[in-house]
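Undergrad: here is a sequence together with a model predicted from it:
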Amino acid sequence: MLSKTNRRLSLPGLTVGSVIPDIEIPLMWIFFPGVYDHLLLHSLIGVVTVGTALAVIVTKLLYPPIISFFFCLEYNEVKEACRITPILILSCMLGALFHVLVDIPMHPFNPVFWPWIDPREIVGPVVLFFAEGGNIALGFTIANTLFTAVMTVLGSIILAMNFGDGIWKRLWIGNSDISEGQYEPA
Ligand SMILES: [Zn+2]
């Protein structure tokens, strides 16, 4: 979606960046059970440092073999789209940032300004809206369900809009005939 607004951004970078923050959740469960399940990678400071670095590494090393294998795409073509460039790094960062911003309304605590602002002080407005009688857990459950429903609908629309020949190429590599530095005529 983001890459549609600016075709010069890297679709693989945006895609990997937008899922990277959640890889900390299982790690937090294992290493810091009972505290927060998201922290560093859901903070602005974490996104622009560790999050972006991780996303770049995953895009470069894991994206080409995994995506070309599962979606029967030309390995070298995916690899070429995952070359490390300033645009790819920026795309990884924007993807992760987008994830963190979308998470905020839907979560009962948000480490976006961690370590300066306690995550518990930032309660998502959608959670509060559905927190009947101050029941934050209920608010979170409803917000989460709603979010999943919206994402499923959006995902289906994107799939339907791209349906046809080359769908996986469009969805995983993006518009590859626009190479770096070239503008698409309006
Ligand atoms: Zn998240």
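TA: Alright, I've got the coordinates.
Undergrad: for Ile45, grab the count of nearby residues.
TA: 15 (other C-beta atoms under 10 Å). Any C-beta I mention is one placed from the backbone N, CA and C, and that applies to glycine too.
Undergrad: make 13 the first number, not 1, from now on.
TA: In the new numbering, first residue 13, that becomes Ile57.
Undergrad: where's it, which helix or strand?
TA: Here Ile57, judged by DSSP states H and E, is contained in helix 56-58.
Undergrad: ok, that helix near the ion or not?
TA: No - taking C-beta under 5 Å from the ion as the criterion, helix 56-58 and the ion are apart, separated by no less than 11.6 Å.
Undergrad: after whichever helix in the chain runs longest comes which helix or strand?
TA: Counting by DSSP state H, the longest helix found in the chain is helix 148-173. Following helix 148-173 in sequence order, the next helix or strand is helix 179-184 (DSSP H and E).
Undergrad: distance from the chain centre to that following helix, please.
TA: 17 Å (C-alpha atoms, centre = their mean, to the nearest Å).
Undergrad: what's it in contact with?
TA: 23-24, 27, 79, 83-85, 89-90, 170-171, 174, 188 (C-beta atoms under 8 Å, 6 or more residues apart in numbering).
Undergrad: I'd like the average pLDDT over that helix.
TA: On average, the pLDDT along helix 179-184 is 94.
Undergrad: for it, which positions count as buried?
TA: 181-182, 184 (16 or more other C-beta atoms under 10 Å).
Undergrad: now, among those residues, which is nearest to the ion?
TA: Trp184 (21.4 Å; C-beta to the ion).
Undergrad: how near is the closest one to Gly29?
TA: Using C-beta to C-beta, to the nearest Å, Trp184 is found at 14 Å from Gly29.
Undergrad: on that earlier part again, tell me if the longest helix of the chain is near the ion.
TA: No - applying C-beta under 5 Å from the ion, one finds helix 148-173 separated from the ion by no less than 10.7 Å.
Undergrad: who does that helix touch, helix- and strand-wise?
TA: If contacts are counted by 3 or more C-beta pairs under 8 Å, 6 or more residues apart in numbering; DSSP states H and E, helix 148-173 sits against helix 98-118, helix 137-142, helix 179-184.
Undergrad: let's see it at 7 Å
TA: Judged by 3 or more C-beta pairs under 7 Å, 6 or more residues apart in numbering; DSSP states H and E, helix 148-173 is in contact with helix 98-118, helix 137-142.
Undergrad: mean confidence score for that helix?
TA: 95.
Undergrad: one more: stretch 32-48?
TA: Mean predicted lDDT for stretch 32-48 stands at 90.
Undergrad: brilliant, that's me finished.
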